[in-house]
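Asks: attaching a predicted model along with its sequence, questions to come.
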Amino acid sequence: MTLDLAMPGMLGASTVHELRCAYPSIQICVITASDKRDDILHLLQAGVHGFIPKALGILEIKTALRRVMGGQIYVPPVLSMPIAEEPIAMRGGFEPGAATGAKDAKLSPRQKEVLSLMAKGCSNKEIARKLGLAEGTIKVHVNALFRSLGAHNRVTAVASLAHAIELPALS
């Protein structure tokens with residue numbers, strides 16, 4: 001299911017949360033003109049599988065939709081950008097450390113790398129390839145991230161901490 005934040009009757013994260021509760025098995029993707037970090041994080045916490053800014057361009061939007069349809073989580077690259085480097089217009093008034101568990105989490109540099117790649121929508125297999133590690137090792141890191149962040153899935157892990165730490169830039 002695809003939604004736009006500007007659709008009539010769309011009340012942002014609350015609408016997504018209602019849809020998620022009513023239809024827990026559907027994949028929800030938001031395609032919108034917004035690229036504000038707080039919009040992305042609120043919608044991820046509400047349960048979207050993808051947040052796709054229209055500014056990405058048609059080829060990137062197609063790629064993002066394919067990822068979501070393939071069962072992955074897609075968030076735009078702006079979410080993995082350190083706050084200090086993010087254009088002020090994209091900040092949307094959000095405060096670092098506001099998410100649950102963000103202040104107290106102690107992550108290793110490797111866990112930060114894994115979280116950064118998760119924020120880009122990479123699967124465990126893709127993360128393993130990019131970091132030159134076994135997929136089983138990535139699963140260990142992901143589970144450790146979940147415990148550290150108090151998260152139960154990839155969406156809440158990315159949403160709870162992506163904005164509160166400086167994720168390493170990956171090429």
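Replies: Cool, the structure landed.
Asks: what mean pLDDT does stretch 107-119 have?
Replies: Stretch 107-119 carries an average pLDDT of 83.
Asks: now that stretch: buried residues?
Replies: 107, 111-119 (16 or more other C-beta atoms under 10 Å). Yep, even glycine has a C-beta here, placed from its N, CA and C like the rest.
Asks: where is the longest helix in this structure?
Replies: helix 135-149 (DSSP state H).
Asks: C-terminal to that helix, what's the next element?
Replies: Counting by DSSP states H and E, the next helix or strand C-terminal to helix 135-149 is helix 154-161.
Asks: report the contact partners of the closest residue to R67 other than its chain neighbours.
Replies: Ranked by C-beta to C-beta, 6 or more residues apart in numbering and with sequence neighbours excluded, the top spatial neighbour of R67 is Y74, at 4.7 Å. By C-beta atoms under 8 Å, 6 or more residues apart in numbering, the residues touching Y74 are 29, 49-52, 64, 67-68, 121.
Asks: out of those residues, which are inside helices?
Replies: 64, 67-68.
Asks: mind putting these into a markdown table with pLDDT and distance to K36?
Replies: As requested, the ones in helices among the contacts of Y74 are arranged in a markdown table below (pLDDT from 0 to 100; distance: C-beta to C-beta, whole Å):
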| residue | pLDDT | distance to K36 |
| --- | --- | --- |
| A64 | 88 | 17 |
| R67 | 86 | 21 |
| V68 | 86 | 20 |
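Asks: most surrounded residue in those residues?
Replies: Greatest neighbour count in the ones in helices among the contacts of Y74, by other C-beta atoms under 10 Å, goes to A64: 22 neighbours.
Asks: my read is that that residue contacts P77, right?
Replies: No: between A64 and P77 there is no contact under C-beta atoms under 8 Å: 10.6 Å.
Asks: please consider this matter closed, and thank you.
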